[in-house]
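Novice: Take this sequence and fold it.
(one chain, ligands or ions: 1)
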Amino acid sequence: INEQENTRISKLLSLVLRHQPEHIGIELDEHGWTDVNTLIAKSQKKGVNLTPGILKYVVNTNVKKRFAFNNDLTKIRASQGHSVEVDLLYTPQIPPVLLYHGTGTQSVNSILQNGLQKMTRHHVHLSADQDTAIKVGRRHGKPAVLCIDAKQMAGQGYTFFQSANGVWLTEHVPAKYISLA
Ligand code: HQG
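Specialist: The predicted model follows:
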C-alpha cells in the first residue's frame, strides 16, 4: 500500500481504537484491546482495504508507534490518546527532571494561569524533548513550548506514567510547575 493509504488506515485505527469503536461496530475491552480478526472483518465490511498483512505493516511503520499488538498478535489497541473509558494499566514511572508540553500560542496565557487540563483525553500529554513538543504544538496553530518541573511534581506526590510509545502522562499540571521554555 502507498503512503496515503497507510495514513488513511492509521487515522481509521485512531478513530476506532481511541474514540468511536462503534463507527465500524467493534468493542474494546476494559484495557482497550480488540480482536484483530474482528477488526479486519468489520473494516472490510465498511469497504476498507484491510488484511492481516496490511494491518501489521501500518502498525509497524507508524512513526509514533500509536498501536500495539498483544503477545500472540490476536489483539490490538491504541497505546494512548483514548477518549473512551479504558484502563491501560500503566505503571507509575519516575519522570525526567524536566518535561515539555507543546500547545498553540493562543492557549499559553490560560495554561500559565489555570494549569494544564487533560481536556477530552485521559491524561495531560508531555514529552521528554522540546522537538516533539514543537510538533505537538503545531497541531494547534503557531507552536509554543512549555516547560514542566516534573522532578518537583514527582517529589510532591504527583504520579507520572509512560505510554508504550514513550509519551509521558499525568492527571493535571498545576500552574506553579509550568514556565515558558
Ligand atoms: C490545551 C498527539 C487552555 C493543550 C500528540 C492542548 C500528543 C489548555 C489542548 C497527543 C489548557 C488539548 C496529545 C488550559 C490544556 N487552557 N488550553 N488550561 N490545558 N490545554 O490534542 O497534548 O497524533 O487533547 O495545551 O502527539 O495537544 O494523537 O492534547 O493544546 O501526544 O497520536 O488543550 O496527541 O498524538 O489538545 O496532544 P489534545 P495534545 P496523536
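
Novice: Model confidence for the residue of the chain positioned farthest from its centre, exactly?
Specialist: No residue in the chain sits farther from the centre than K45, which is 27.0 Å out by C-alpha atoms, centre = their mean. At K45, the pLDDT value in this model is 95.

Novice: can you check E3 too?
Specialist: Reading off the model, E3 has pLDDT 94.

Novice: Also T91?
Specialist: At T91, the pLDDT value in this model is 88.

Novice: doesn't F161 make contact with it?
Specialist: Yes: T91 is in contact with F161 according to C-beta atoms under 8 Å; the separation is 7.1 Å. C-beta coordinates here come from the backbone N, C-alpha and C atoms, glycine included.

Novice: So between the two, which is more surrounded?
Specialist: Neighbour count, other C-beta atoms under 10 Å: between T91 and F161, F161 has more, with 19 against 6.

Novice: For the spatially closest residue to the more buried one that is not a sequence neighbour, give its distance to the ligand.
Specialist: Nearest residue to F161, sequence neighbours excluded (C-beta to C-beta, 6 or more residues apart in numbering): Y90, at 3.7 Å. To the ligand, Y90 is 14 Å away according to C-beta to the nearest ligand atom, to the nearest Å.

Novice: which residues touch Y90?
Specialist: F161, Q162, S163, L169 (C-beta atoms under 8 Å, 6 or more residues apart in numbering).
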